[in-house]
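K.L.:
Below is the sequence, then the predicted model.
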Amino acid sequence: MAKKTTAEKLATIQQGYTLQGATIELGAAIVDGEVRKEAQVRLPLAMMNRHGLVAGATGTGKTVTLHMIAEQLSTAGVPVFLADIKGDLSGLATAATASEKLTARTAALGQEWSGKNFPVEFLCLGGDGNGIPVRATITSFGPILLSRIMDLNDTQESSLQLIFHFADKNNLELIDLKDLRAVIQFLTSDEGKAELADLGGLSKATAGVILRELVALEAQGMEKFFGEPEFDTAELLRTAPDGRGVISCLELPTLQTKPLLFSTFLMWLLADLFEDLPEAGDLDKPKLVFFLDEAHLLFNGASKAFLEAITTTVRLIRSKGVGIFFVTQTPKDVPADVLGQLANRVQHALRAFTPEDAKALKATVSTFPVSDYDLEETLTSAGIGEAVITVMNEKGAPTPVALTRLRAPESVMGPSTDELIRSSVAASSLLVKYGTAVDNVSAYEKLNDSAAVSTGDPAPGLPPVPGTITGNTQSDIDAEARRIEEEILGRPSSRPAPTAYPGPVPAPPLPPQQEPGVLGDLAGVLGGALGGGLKSMARSMGTQLGRELLRGVFGTSSRRRR
């Protein structure tokens, strides 16, 4: 094969990145060692929901790349979610100032640069930081994600799913860790022996292991991440009054001490969006772009069920208008089934100091299309702020591989001042809604026969906490669930006959449009046949059976979806 001239290489890149619709401008191509500002490298905005990977060794500029892409998405009216692990993404809220070095770089790239600030909503997990507290209820988090945090094995994870099933079935709301602990303590007590036996497959020893892991989580201070008011992930889809997309910046100041919790919590946000958003098909621009930093933390030692749930979410959430970009050091950190879904690639420099590094380099090179570059050499010699790029064009085909000098962000590449962050949080409309934790009546209070004293008013949008039974009794609900199951399956119900409620303060059924739940037998029989129809069918039932149909792909549920 004849070697291409510089002009031919340049023409290939120019033709490959000549796009019709709105784009994210990434930078200028480097051809034969020279930056060519006439060869601009772009990413079609309409293809951002085809997902992507930003990879590279530590210190090669991955965070600055996220920063620059987030700015342009916001300008295009697309909301963005970022996890601020190192604390320097808060600079998006502060306009940058020009310098001689910056001006020289942007001029060489053909970038028209001006300092700007962007609309940023500062968030933090459970109040661990300066932002708006983000909390989830235990029932919303679900058994699969919770098992991931507690590092349970497959058997223990299955047992935890049975415990969640029992709580759903008996109107025992799992709001925080003490609620789940109370349910497990009930099942392992003399009073709960019969209920434990009815669950089948759940040994007292396994329940004890789970209980000890919960106590360990509480000892580590993790109980503040679970509770109410639960964060509504629809808040991530907002735009500012001027039409720019709001950048939700989640502060993670103690990632080093709780890395698994944080990465799993990010997956909960994504799973909750997946369950809430309607199908959208192909859009001119995504509804949200979600950046998952330190993505390898999601996958290290993950159970088969967890990996399958991630793969399913990544595959299907595209059609709901959400793009996911995984940020990690090498593509091998991401499982093959997930990596195969990532159409847009921004690969910063890799190091090859060890045999393991060299092996990872070869694996990375093998994932790129054939190009005019010697990628092994290019990837080990690329400078800070340079990356090898290939994306999906508007026709769904990969663009030519291009070594690219990336554009400079227009906001501060570093943290904003603490004063600016505090004033932004104080002025946020979300502070009233999520700023104060509440402790409503839930499983702990019901099983301990005590009335909870709320620490504040119930969160807006949530149903009031009931004190007594009204309307149908639990026996009526169970009987109706058996009848509907027999009608649908055409055989006797496998559900046990209605029994007395084990706790002293049963709650009334929630309105049909707010019903949660997991289905045992029926989801397995009808899941493949009816698909999304299960959810609408469950809402129309308004029964215990309906509640058991509505847990998501991660076993997640939400009071907002009941």
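P.N.:
Thanks, I have it. Keep in mind the model is a prediction, meaning the values are calculated, not measured.

K.L.:
Could you list the buried residues of the top strand by length along the chain?
P.N.:
Looking across the chain with DSSP state E, the single longest strand is strand 34-44. Buried residues in strand 34-44, counted by 16 or more other CB atoms under 10 Å: 35-36, 39-44. Placement of C-beta: from N, CA and C, glycine included.

K.L.:
Which members of these are the farthest-apart pair?
P.N.:
The span of those, defined through CB to CB, is set by Val35 and Pro44 at 22.6 Å.

K.L.:
tell me the phi and psi of Phe306?
P.N.:
phi -70, psi -50 (degrees, to the nearest 10).

K.L.:
Quickly note the distance from Arg345 to Lys169.
P.N.:
Arg345 sits 46 Å away from Lys169, going by CB to CB, to the nearest Å.

K.L.:
what's the answer for Phe299, then?
P.N.:
33 Å.

K.L.:
repeat for Ile247
P.N.:
Ile247 is 41 Å from Lys169, by CB to CB.

K.L.:
Which parts of this structure are strands?
P.N.:
23-31, 34-44, 52-55, 80-84, 120-125, 132-134, 247-251, 288-292, 322-328, 344-347, 386-390, 402-406.

K.L.:
Where does pLDDT dip in this protein?
P.N.:
1-2, 201, 254-256, 450-554, 558-562 (pLDDT under 70).

K.L.:
report the longest helix in it, please.
P.N.:
Counting residues, the longest helix found in the chain (DSSP state H) is helix 259-276.

K.L.:
what helices or strands is it leaning on?
P.N.:
strand 80-84, strand 120-125, helix 138-141, helix 143-150, strand 288-292, helix 296-299, helix 304-317, strand 322-328 (3 or more CB pairs under 8 Å, 6 or more residues apart in numbering; DSSP states H and E).

K.L.:
picking up where we left off before, tell me which of Phe299 and Lys169 has more neighbours.
P.N.:
Using other CB atoms under 10 Å as the criterion, Phe299 and Lys169 rank with Lys169 on top: 22 against 17.

K.L.:
Just give the closest residue to Gly127, not the sequence neighbours.
P.N.:
Of all residues not flanking Gly127 in the chain, Pro133 sits nearest, at 4.3 Å (CB to CB, 6 or more residues apart in numbering).

K.L.:
Tell me what that neighbour is bridged to.
P.N.:
Counting by DSSP bridges, Pro133 forms beta bridges with Cys124.

K.L.:
how about it, what does it touch?
P.N.:
Going by CB atoms under 8 Å, 6 or more residues apart in numbering, Pro133 touches 123-127, 231, 434-435, 437.

K.L.:
So Thr139 sits against Ile175, correct?
P.N.:
Yes. Using CB atoms under 8 Å, Thr139 and Ile175 qualify as a contacting pair, with a distance of 7.3 Å.

K.L.:
So which of those two has more stuff around it?
P.N.:
Thr139 (30 against 27).

K.L.:
and the gap between the more buried one and Phe186?
P.N.:
16 Å.

K.L.:
Over to Thr18?
P.N.:
66 Å.

K.L.:
Who has more neighbours out of these two?
P.N.:
Taking other CB under 10 Å, Thr18 and Phe186 do not tie; Phe186 has more neighbours (22 against 11).

K.L.:
Surely the more buried one and Asp449 touch.
P.N.:
No. In terms of CB under 8 Å, Phe186 does not count as a neighbour of Asp449; the distance is 11.5 Å.
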